[in-house]
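Asker: Fold the following for me, if possible:
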Amino acid sequence: MVTDSSIKQLVKILIGAAWIDGRIQQEEREYLHRVAKQSGVADDPEIQPLLYELRSVSPDECYGWVQEYLGDRSSEEDYQRLIDAISALIYSDGDVATEEAKLLTRLQLLDPASTAQKGSPNAVLKTIQKLYQRWLDRQA
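Answerer: Model (predicted):
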């Protein structure tokens, strides 16, 4: 179930994901502003300082928000919404930084539907390949 607080949490995660490599790229910035506006949280007092880069977000803070968002019993729908949103953000600038790839890898380990061995390098590689293919399909 999508609630206002989960939408706000998702936007915070996206902002944190944009900061994961230490700086927000112009394409990521545009994507974040568009998503925040479409989601109706662009004027939220908690989102504004993050959205307008008045403060940075540490990787640990971002990972904490991911854990809060997914909780102990995340649904496949929540997980898929998160992975799709983060993938769109990461691929918005056409470049995947090492830190962004690590984020995708950590997210793959949180997949509630994963039947693959947790941490399997092949499973992680397949997930990244699938995400990249989705991005390529969107570009066509």
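Asker: Geometric centre of this structure: which residue is closest?
Answerer: Closest residue to the average C-alpha location of the chain: residue 86 at 2.7 Å, with CA atoms, centre = their mean.
Asker: Hmm, that residue is touching residue 13, no?
Answerer: Yes - if you go by CB atoms under 8 Å, residue 86 and residue 13 touch, sitting 7.1 Å apart. Glycine gets a C-beta too; all of them are placed from N, C-alpha and C.
Asker: Check the gap between the closest residue to the residue nearest to the centre of the chain other than its chain neighbours and residue 4 for me.
Answerer: Excluding the flanking residues, the one nearest residue 86 by CB to CB, 6 or more residues apart in numbering is residue 17, at 5.1 Å. Distance check for residue 17 against residue 4: by CB to CB, to the nearest Å, it reads 20 Å.
Asker: Tell me which of those two has more neighbours.
Answerer: A count of neighbours by other CB atoms under 10 Å puts residue 17 above the other of residue 17 and residue 4, at 29 against 11.
Asker: Just the pLDDT for the more buried one.
Answerer: With respect to pLDDT, residue 17 has a value of 94.
Asker: Tell me which helix or strand it sits in.
Answerer: According to DSSP states H and E, residue 17 maps onto helix 4-19.
Asker: Would you pull up how far that helix lies from the middle of the chain?
Answerer: Taking CA atoms, centre = their mean, to the nearest Å, one finds helix 4-19 lying 7 Å from the centre of the chain it belongs to.
Asker: Sort out which residues of it are buried, please.
Answerer: Buried residues in helix 4-19, counted by 16 or more other CB atoms under 10 Å: 7-19.
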